[in-house]
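Engineer: Could you look at this predicted model? Sequence included:
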Amino acid sequence: MALLTFSEALHDSDRFSRRHVLLGNGFSIACRPHIFAYGKLFEQADFSKISSTAKNAFEALKTQDFEKVIKALRDASKIATAYGCPPPFSAALAADADGLRELLVQTIAASHPSWPGELTDAEYQACRSFLSNFKTIYTLNYDLLLYWAQMHTAEGETPSSDDGFRTPQDDFESAYVVWEPDQSHDQNMWFLHGALHVFDSGTEIQKYTWSNTGIRLIDQIRDALSKDYFPLFVSEGTSAEKYEHIRHNDYLAKAYRSFSSIQGALFIFGHSLAENDNHYLRSIQRGKISHLYVGLYGDPNSEANKFITRRANELTNGRRARNPLSVSYFDAASAKVWGT
């Protein structure tokens, strides 16, 4: 299969009035593959903090994918209950799933670049150039790279993105900013599954910032984790579980509705179209998007890319004739998101 270059895909998409992008983990891996690949997270995780049996689950399933193991443990807990296994057994499985979720957050925070200066100006410039092609940016990633890139502006330059967070009313010295639903109409950047620097306090959605405190963002997050405060972070194993989490949080639910309403062209970069994100893939299939441009990395005939193309083509099924969805594929490497 011949792939478009990213430039050719952009040129082809000029026929649509609006162009959006959905970012997956490949966006972060392209920047720092030694950190953000699932295998690297597994290597860096401190399993001594949780049950020893949780790590055994990775070996049993022959994977280093946290989300796959979390899903398997939660499914096993339900099955154990259905089969009448002793309650402590099913409870232990569920507890290991919860422990792995927290360990994943802690590992990402611990291995994350400490501050924006660890990325070069050239990397930021390339990333901002890539992002500037899109009206709205949606990300499924939890890390800070997208936020850093959007905030890395020249002196006097206003950030081109709006993530909907504002200084709390009557609290201009607050250490954080809050998401205001009634001020989100101009929002053009959404963290669909939450992010390391976004916390649900129970009464409001808070975002930690460097500008309000002078403390490195990753240090603020690590401090919060040490106090058992956990970020707004959707890492449930199945698509159904993720969707349930999304529905019960105002920010995540609004992000979902925003994504479901977009029209025109959608570029997908760095995402494998895996089933655990079916809740967003279904919204593409049922929505108003006219054309998908899906990035493939490496040999388009590899098994991984064959899976992606099959899944993408399936999304075109079930559309009404008056609202068809078509798909093109582009070489993800040619986008040079981080300049390389």
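Structural biologist: Perfect, I can see it now.
Engineer: Verify the assumption that residue 207 is located in a strand.
Structural biologist: Yes: the assignment for residue 207 (DSSP: H, G, I helix; E, B strand; the rest coil) places it in a strand.
Engineer: That one reaches residue 177, doesn't it?
Structural biologist: Yes: if you go by C-beta atoms under 8 Å, residue 207 and residue 177 touch, sitting 5.1 Å apart. (Glycine included, C-beta is placed from N, CA and C.)
Engineer: So for the two, which residues contact both of them?
Structural biologist: Counting by C-beta atoms under 8 Å, 6 or more residues apart in numbering, the shared contacts of residue 207 and residue 177 are residue 165.
Engineer: buried stuff in stretch 186-199?
Structural biologist: Neighbour counts over stretch 186-199 (16 or more other C-beta atoms under 10 Å) mark 187-199 as buried.
Engineer: should've said stretch 294-307
Structural biologist: By neighbour count with 16+ other C-beta under 10 Å, stretch 294-307 contains the buried residues 294, 295, 296, 297, 305.
Engineer: So which of those are in strands?
Structural biologist: Here DSSP state E is the test, and those give 294, 295, 296 as lying in strands.
Engineer: May I have the phi/psi pair for residue 149?
Structural biologist: phi -60, psi -40 (degrees, to the nearest 10).
Engineer: Is it possible to get a markdown table of the buried residues of stretch 186-199 that adds secondary structure, pLDDT and distance to residue 143?
Structural biologist: Rendered in a markdown table, the data for those read as follows (DSSP: H, G, I helix; E, B strand; the rest coil; pLDDT from 0 to 100; distance: C-beta to C-beta, whole Å):
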| residue | secondary structure | pLDDT | distance to residue 143 |
| --- | --- | --- | --- |
| 187 | coil | 89 | 20 |
| 188 | coil | 91 | 19 |
| 189 | strand | 93 | 14 |
| 190 | strand | 94 | 15 |
| 191 | strand | 94 | 10 |
| 192 | strand | 95 | 14 |
| 193 | coil | 91 | 11 |
| 194 | strand | 90 | 11 |
| 195 | coil | 87 | 7 |
| 196 | coil | 83 | 6 |
| 197 | coil | 83 | 9 |
| 198 | strand | 88 | 12 |
| 199 | strand | 83 | 15 |
